[in-house]
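# no FASTA, just this:
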């Protein structure tokens, strides 16, 4: 039984693969088809267009035909594989949401797909778009929207409030507003609000969105219709009694978590377009220096210091306030040669909603540096604007201010830096205090530290490189010794021979056996070092082999001399030579050979 | 042998970190107290003595700048704030007080220019040469470590890491070089005298083209004998006597 189970899954997999391989020829047949979820719709509805590419497991997105009467939203793609009677069908489906822009009958042309050099085109489809159900009275519509403007005739730059209202008495989700606009500056007026309203006995929830508009050009300007898009719960679904709705608080099942399975429908609601007549400013009596400011506007002057010495800085702030568009508003400052140098900082614009209107405040900050001592007077500053209340040009002025300047230590001369040179004005002009000294001891306790010397760190830069070179040499040798036996013998030759000779020296053996051992060790060393089999060679043969390698003549001679001595001692009577020197001589010669260049 | 090596290393690090002796800290505390109590001359002398032992400490230059500021000598204050800023480029206190001192001057002129390299190496002015070198040292260590690791094991990711590190290391080296150049090749002068005549040439008989005032900061272009050529606000150059400026 266990054995059967062991082979069951691999066999099943093989069978599946077999079926798939048999079915695979069916993939070769590629075609494209399009379907729509409805053929009749209103301007408030959305149409789902599904493009199905059969016979493929994956596909590039097909090309839709030109659809100028629809707004297209890609919804995504999905793929499916089916095996029916051994025939595999796979397909990829692309879904689009089409929002009609106009009424009428429209032909959705063939959708084209180019795949592997072949072109596939789907058949055309026809849809009919009818007017929206606006004929119903407001109290009977499930959803509707409206747009309201505060005025339809305004002057250039005059503030107009625009309100979008969206009414609903059914559940909606994913509500969004698309309100294109040109030729106006648009500023949101606070956050959207949510209220309730009874219309013809029906209770509606109302979402309101407010904007302040400032016309940027004269003429008849159009505010295009805005589109509210949302998913609306279909009628019938909400009338169905939800589970527990009789026992649990209302609204609990409005939660999307519980609304799985509810049937939502994509809808689009359009507001009507509005035309605004924008009047230019009258040329008659237009003051010089008028820069398209619409009032009423007030101007306020504030001088931060009244008493200072020459060379010190006084801050002068001029503030414009009103319901106008202040973005382009400027204040012209007159030169005051011989009295002040004037430096202008960046103006600061603040906009906030007050009583349903946008109120702008623009502050112009000037740094004044008196160049002469005495009682100086700041002139009155006048701003001209078009007053929409009086329907005439008007002006606002500041009062003149006086300033007492005490003589300083030095006076700028005519040859000094001129006022046209740029100045650092990033500093707060209100006269900041000198920041205190640093007192933390740890900031001062590294005097003379080596770690604070750039030279030390430059030196440090080379250390990793040397470490790497050392490591490379060491590691490379180790690897080579593992892989190359001859090299390993060569590398170990000296240490091996040296150790054996030292052992021999400690045992203090004498006579012929000692000489034979020395000769053997030495010839083994030569064999390992110069890559030949040295143990079985006579001195003459060693001579021949050593001449084959690039070893100095004197070293060869010394080697041969030692080997001859060993041979003599080995075979001669012990009292003829003092053989103790052989080990010492061998060790000395080993060192010489090790240091000698091949 | 190992024990000896580690003993020397520990001793070296200990000696280095514990360099400051209590005498220096006592003098620092006294100078700070003098400053707080308004004895600015004593504070200045104290900070100047401390700077003799530790001339690259930006905090000492900052404190000395404050002491000069309090005494009304804005030119010297600016000179020391500039030296402090070289060592503490991200210190907002230094920036604020330098700006404040500049506003106290007649010309309110800060002629320092940013390095063209900072258009790409945007951090160039925010980090000292030492910080550049320390970062470069770390990058260098990482690079050679990955290089060494490649001997032991090979792999695509290791190779990529090495290439990235090499790129960053080159960038770091360029930045360090640019900072080195900035610190060694770029010099500014602060006008010391109340009124300084700027001449068109290196002679007092040459035409006076501009009058500068104490505290103006100008880049040094050249130096010949006792004359220094400065870059003026109109991008032209002029000559002043060396003793009239602080560097």
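Now that the structure is in, tell me what you want to look at. The structure displayed is predicted, hence computed values, not measured ones. Numbering: from 1, shown residues only, chains lettered A, B, ... in the order given.
# Okay, helices next: where are they in the chain?
Answering for chain A, as no chain was given. A:2-23, A:454-483, A:485-507, A:512-530, A:539-548, A:553-571, A:581-595 (DSSP state H).
# that's the other chain; I wanted chain B
So, for chain B - with DSSP H - the helices run B:2-17, B:22-36, B:40-53, B:58-70, B:74-87, B:92-103, B:129-152, B:156-185.
# Adding distance to residue A:542, mean neighbour count and mean pLDDT, write those out as a markdown table.
Yep, even glycine has a C-beta here, placed from its N, CA and C like the rest. Formatted as a markdown table, these follow (distance: least, C-beta to C-beta, whole Å; neighbours: other C-beta atoms under 10 Å in any protein chain shown; pLDDT from 0 to 100):
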| stretch | distance to residue A:542 | mean neighbour count | mean pLDDT |
| --- | --- | --- | --- |
| helix B:2-17 | 43 | 10 | 52 |
| helix B:22-36 | 73 | 16 | 86 |
| helix B:40-53 | 70 | 18 | 92 |
| helix B:58-70 | 73 | 25 | 93 |
| helix B:74-87 | 71 | 24 | 93 |
| helix B:92-103 | 79 | 21 | 90 |
| helix B:129-152 | 39 | 18 | 90 |
| helix B:156-185 | 49 | 15 | 90 |
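# so can I have CSV of the ones you listed showing distance to chain A?
As requested, the helices of chain B are arranged in CSV below (distance: least, C-beta to the nearest C-beta, whole Å):
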stretch, distance to chain A
helix B:2-17, 5
helix B:22-36, 5
helix B:40-53, 5
helix B:58-70, 4
helix B:74-87, 9
helix B:92-103, 4
helix B:129-152, 4
helix B:156-185, 8
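# and residue A:209, which of these is closest to it?
helix B:92-103 (42.5 Å; C-beta to C-beta).
# residues in contact with the closest one?
A:313, A:424, A:426-427, A:432, A:434-436, A:438, B:58, B:62, B:65-66, B:69, B:74, B:77-78, B:81-82, B:84-85, B:88, B:108-110, B:215, B:217 (C-beta atoms under 8 Å, 6 or more residues apart in numbering or on different chains).
# if you set the cut-off to 6 Å instead, what comes out?
Contact partners of helix B:92-103, identified using C-beta atoms under 6 Å, 6 or more residues apart in numbering or on different chains, comprise A:313, A:427, A:434-435, B:62, B:69, B:74, B:77-78, B:81, B:84-85, B:88, B:108, B:110.
# From the chain's centroid, how far away is it?
Distance of helix B:92-103 from the chain centroid (C-alpha atoms, centre = their mean, to the nearest Å) equals 15 Å.
# quick one on the thing from earlier: tabulate the helices of chain B (TSV), appending distance to residue A:462.
TSV is the format used below for the helices of chain B (distance: least, C-beta to C-beta, whole Å):
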stretch	distance to residue A:462
helix B:2-17	18
helix B:22-36	33
helix B:40-53	29
helix B:58-70	28
helix B:74-87	25
helix B:92-103	34
helix B:129-152	9
helix B:156-185	13
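# thinking again about what came up before, report the two of the contacts of helix B:92-103 separated the most.
By the measure C-beta to C-beta, A:313 and B:88 form the most distant pair in these, at 26.0 Å.
# what residues are up against whatever residue of the stretch 1-150 of chain A ends up closest to chain B?
Nearest residue of the stretch 1-150 of chain A to chain B, counting by C-beta to the nearest C-beta: residue A:58, 28.0 Å away. Contacts for residue A:58 (C-beta under 6 Å, 6+ apart) come out as none.
# so how far is residue A:105 from it?
35 Å (C-beta to C-beta, to the nearest Å).
# same question, residue B:179
Plainly put, residue B:179 is 73 Å away from residue A:105 if you go by C-beta to C-beta.
# Also residue A:439?
Using C-beta to C-beta, residue A:439 is found at 85 Å from residue A:105.
# before we move on, what about residue B:199?
89 Å.
# who's more crowded, those two?
Neighbour count, other C-beta atoms under 10 Å in any protein chain shown: between residue B:199 and residue A:105, residue B:199 has more, with 19 against 11.
# Got the confidence number for the residue nearest to that one when sequence neighbours are not counted?
Nearest residue to residue B:199, sequence neighbours excluded (C-beta to C-beta, 6 or more residues apart in numbering or on different chains): residue B:206, at 4.3 Å. pLDDT for residue B:206: 88.
# I figured residue B:206 hits residue B:197, correct?
No: taking contacts as C-beta atoms under 6 Å, residue B:206 lies outside contact range of residue B:197: 9.8 Å.
# And these two? Which one has more around it.
Neighbour count, other C-beta under 10 Å: between residue B:206 and residue B:197, residue B:197 has more, with 19 against 14.
# Quick check: the gap between the nearest residue to that one once chain neighbours are set aside and residue B:218.
Computed as C-beta to C-beta, 6+ apart, the closest residue to residue B:197 that is not its neighbour in sequence is residue B:208, at 4.5 Å. Applying C-beta to C-beta, the value for residue B:208 to residue B:218 is 16 Å.
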